[in-house]
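1. Structure for this input, please:
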Amino acid sequence: MSKDTVTAVRQDGLRYASKVGGSPFLGSGHTRSCFKCGKHRSPASLQSIRLLGRNEVVCKPSCKSLP
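-> Numbers count the residues shown, from 1 in each chain. Below is the predicted model:
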């Protein structure tokens, strides 16, 4: 969740007057998070590797090379 919202109770009892509606995940919604960097990416830009005895998905080719 972003921390840039201002919460104040208005006269009608509602909050979050400045909160933007919608989802932070644009597109089709089919995203997974990278095990190393935590950023959400499409499954096509992730690869599965064996890490700590489990199969985890990480950025392909690396987390640093992708924006």
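2. okay, CA-based contacts and neighbour counts for the rest of this
-> Will do.
3. Hmm, S62 and Q47 touching each other?
-> No: under the criterion of C-alpha atoms under 8 Å, Q47 makes no contact with S62, lying 9.6 Å away.
4. Can you list the low-confidence ranges for the chain?
-> Scanning the chain for pLDDT under 70 picks out the ranges 1-8, 15-29, 66.
5. switch to 50 and redo it
-> Applying pLDDT under 50 to the chain flags no residue at all.
6. can you pull out the strands in it?
-> Taking DSSP state E as the test, the strands found in the chain are 32-33, 40-41, 46-51, 54-59.
7. Tabulate the ones you listed (JSON lines), appending mean neighbour count.
-> What follows is those, written out as JSON lines (neighbours: other C-alpha atoms under 10 Å):
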{"stretch": "strand 32-33", "mean neighbour count": "16"}
{"stretch": "strand 40-41", "mean neighbour count": "16"}
{"stretch": "strand 46-51", "mean neighbour count": "14"}
{"stretch": "strand 54-59", "mean neighbour count": "17"}
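8. Quick check: which of the ones you listed is nearest to G13?
-> Among the strands of the chain, strand 40-41 comes nearest to G13, with 34.9 Å by C-alpha to C-alpha.
9. Which elements pack onto the closest one?
-> strand 32-33 (3 or more C-alpha pairs under 8 Å, 6 or more residues apart in numbering; DSSP states H and E).
10. Direction included, what does the strand it packs on pair against?
-> strand 40-41 (antiparallel) (DSSP bridges).
11. looking at the strands of the chain, which is closest to Q11?
-> Closest among the strands of the chain, using C-alpha to C-alpha: strand 40-41, at 38.2 Å.
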